[in-house]
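K.L.:
give the three-dimensional model of this entry:
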Amino acid sequence: MPDSSHTPFDNADAWRNAAMQRTSLCDAAESDQRKILADDHNQKEGICDPDVLADQMLYILGKMDVDEYQDYLLFKHTPAT
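P.N.:
Numbering: from 1, shown residues only. Down below sits the predicted model:
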């Protein structure tokens, strides 16, 4: 399992904002395909929370690869100890 405890960011918002400034890791066609799949999933599961949708855009737009995205979500949703 990835280790999200070693992020250079103080909080998830800072990480998300920094990632959104990056160049995309995928081309427009891949991004469009990811969006279609995410929209289908969101509709089936009734997902409409703006924060969740904003997080999904990190992967859809290719701002994070799947491993970093998983680390980000763990960091964001794991209580600090």
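K.L.:
what number of residues lie near the nearest residue to Lys63 once chain neighbours are set aside?
P.N.:
Spatially, and ignoring its direct neighbours in sequence, Lys63 is nearest to Ala19 (4.4 Å; CB to CB, 6 or more residues apart in numbering). C-beta here means a position set from N, CA and C on the backbone, and glycine is covered the same way. By other CB atoms under 10 Å, the residues close to Ala19 number 18.
K.L.:
dump the residue contacts of Ala19.
P.N.:
Residues near Ala19 by CB atoms under 8 Å, 6 or more residues apart in numbering: 58, 63-64, 68, 72.
K.L.:
would you point out the most distant pair within the residues you listed?
P.N.:
Distance extremes for the contacts of Ala19: the farthest pair is Lys63 and Tyr72 at 10.0 Å, using CB to CB.
K.L.:
returning to that earlier point: tell me which of the contacts of Ala19 is nearest to Gln43?
P.N.:
Using CB to CB, these come closest to Gln43 at Leu58, 19.8 Å.
K.L.:
tell me the SS of the closest one?
P.N.:
helix (DSSP: H, G, I helix; E, B strand; the rest coil).
K.L.:
now for it, how many residues are close by?
P.N.:
20.
K.L.:
spatially nearest residue to it (excluding sequence neighbours)?
P.N.:
Excluding the flanking residues, the one nearest Leu58 by CB to CB, 6+ apart is Met64, at 4.6 Å.
K.L.:
distance-wise, check the one you found relative to Thr7.
P.N.:
12 Å (CB to CB, to the nearest Å).
K.L.:
that older thread, is it true that the residue nearest to Leu58 touches Met57?
P.N.:
No. Checked against CB atoms under 8 Å, the pair Met64 and Met57 is beyond contact range at 9.9 Å.
K.L.:
for these two, indicate the residue with more neighbours.
P.N.:
For Met64 versus Met57, neighbours defined as other CB under 10 Å are more numerous around Met64 (23 against 18).
K.L.:
does the more buried one lie in a helix or a strand, and which?
P.N.:
For Met64, there is no host helix or strand (DSSP states H and E).
K.L.:
pretty sure Tyr59 contacts Asp67?
P.N.:
No. Judged on CB under 8 Å, Tyr59 makes no contact with Asp67 at a distance of 10.7 Å.
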